[in-house]
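Peer 1: Need a 3D model of the sequence below.
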Amino acid sequence: SAVKAPASLNTLDMATGNSAPLALRLPAGATLSTLTVAWPLLVYSASDESVHCYDAQKGTDTVLSALTFAAASDRLALGGTTLYWAHPDAATGMQHITAFAPVTDPNAVGYEVTMLTTAHLTQLSAGTRLVVWDDGQQRRAYDLVRHAAALIGADDTEEGPQLGQQGTALWYRTDSGGQPSLALVNLQRI
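Peer 2: Numbering: from 1, shown residues only. Presented below is the predicted three-dimensional model:
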């Protein structure tokens, strides 16, 4: 929630309707800042700038000590078992996208995937093929297979950008004739 900072998180089984709390290990006094999911893995940051990987099937919660998350400028996206961390470089004014795999390893060492020529991001999404971002002006992608950048299109939404991906589908919110709509992109054709 943009208004509230929850201290707990629940999961809802859509098939049965059962709801149960997840045993996230937030540090004392900290609240949940961000959440990215590639089920059964959830990666979240806390208000103390720590980053955690929760495995919902195993019930384990691992602190990822290799990175410190700044909620105002950083973005996290989980694609499979790889965590992508976009963070600014104050010296160059660019964004670095660093990958950590497997994210379940507390000692995973990050490697740089690409650098972006934008000072900030409004959203980041990851899949098995693409890392996609929006900087408030353009939607762009980095193809993890071809190691090349691609332009997805201009950000034409009046409200904040919303994008996601799974398998071979990428979707994002757009406006069509003043009405909100959803655009679908077949990732096999990028």
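Peer 1: how near is the nearest residue to residue 104 once chain neighbours are set aside to residue 122?
Peer 2: Of all residues beyond its chain neighbours, the one nearest residue 104 is residue 53 (5.8 Å), with distances taken as Cβ to Cβ, 6 or more residues apart in numbering. For every residue, glycine as well, the C-beta is placed using N, CA and C. From residue 53 across to residue 122, the span is 24 Å (Cβ to Cβ, to the nearest Å).
Peer 1: of those two, who's got more company?
Peer 2: Of the pair residue 53 and residue 122, residue 53 is the one with more neighbours under other Cβ atoms under 10 Å, namely 23 against 17.
Peer 1: I figured the more buried one hits residue 103, correct?
Peer 2: Yes - if you go by Cβ atoms under 8 Å, residue 53 and residue 103 touch, sitting 5.0 Å apart.
Peer 1: Need the overlap of contacts for those two.
Peer 2: 41, 43, 64, 83 (Cβ atoms under 8 Å, 6 or more residues apart in numbering).
Peer 1: which of these sit farthest apart?
Peer 2: Pairwise distances among the shared contacts of residue 53 and residue 103 were taken by Cβ to Cβ; the largest, 11.6 Å, belongs to 41 and 64.
Peer 1: list the residues that contact both of those two?
Peer 2: Common neighbours of residue 41 and residue 64, using Cβ under 8 Å, 6+ apart, are 53, 103.
Peer 1: quick one: which of the two has more around it?
Peer 2: residue 64 (24 against 20).
Peer 1: show me what contacts that one?
Peer 2: Contacts for residue 64 (Cβ under 8 Å, 6+ apart) come out as 43, 51, 52, 53, 83, 100, 103, 106, 108.
Peer 1: State whether residue 113 is indeed within a helix.
Peer 2: No - in this structure, residue 113 is strand, not part of a helix, as judged by DSSP: H, G, I helix; E, B strand; the rest coil.
Peer 1: Out of the contacts of residue 64, which sit inside strands?
Peer 2: Using DSSP state E, 43, 51, 52, 53, 83, 100 are the members of those that sit in strands.
Peer 1: Which positions in stretch 23-36 come out as buried?
Peer 2: Neighbour counts over stretch 23-36 (16 or more other Cβ atoms under 10 Å) mark 24, 26, 30, 32, 33, 36 as buried.
Peer 1: wait, isn't the last one in contact with residue 78?
Peer 2: Yes - because the distance of 4.4 Å satisfies Cβ under 8 Å, residue 36 is recorded as touching residue 78.
Peer 1: Not counting sequence-adjacent ones, nearest residue to the residue positioned nearest the centre of the chain?
Peer 2: Central residue of the chain (Cα atoms, centre = their mean): residue 77, 2.1 Å from the mean position. In space, and not counting its chain neighbours, residue 77 is closest to residue 126: 3.8 Å by Cβ to Cβ, 6+ apart.
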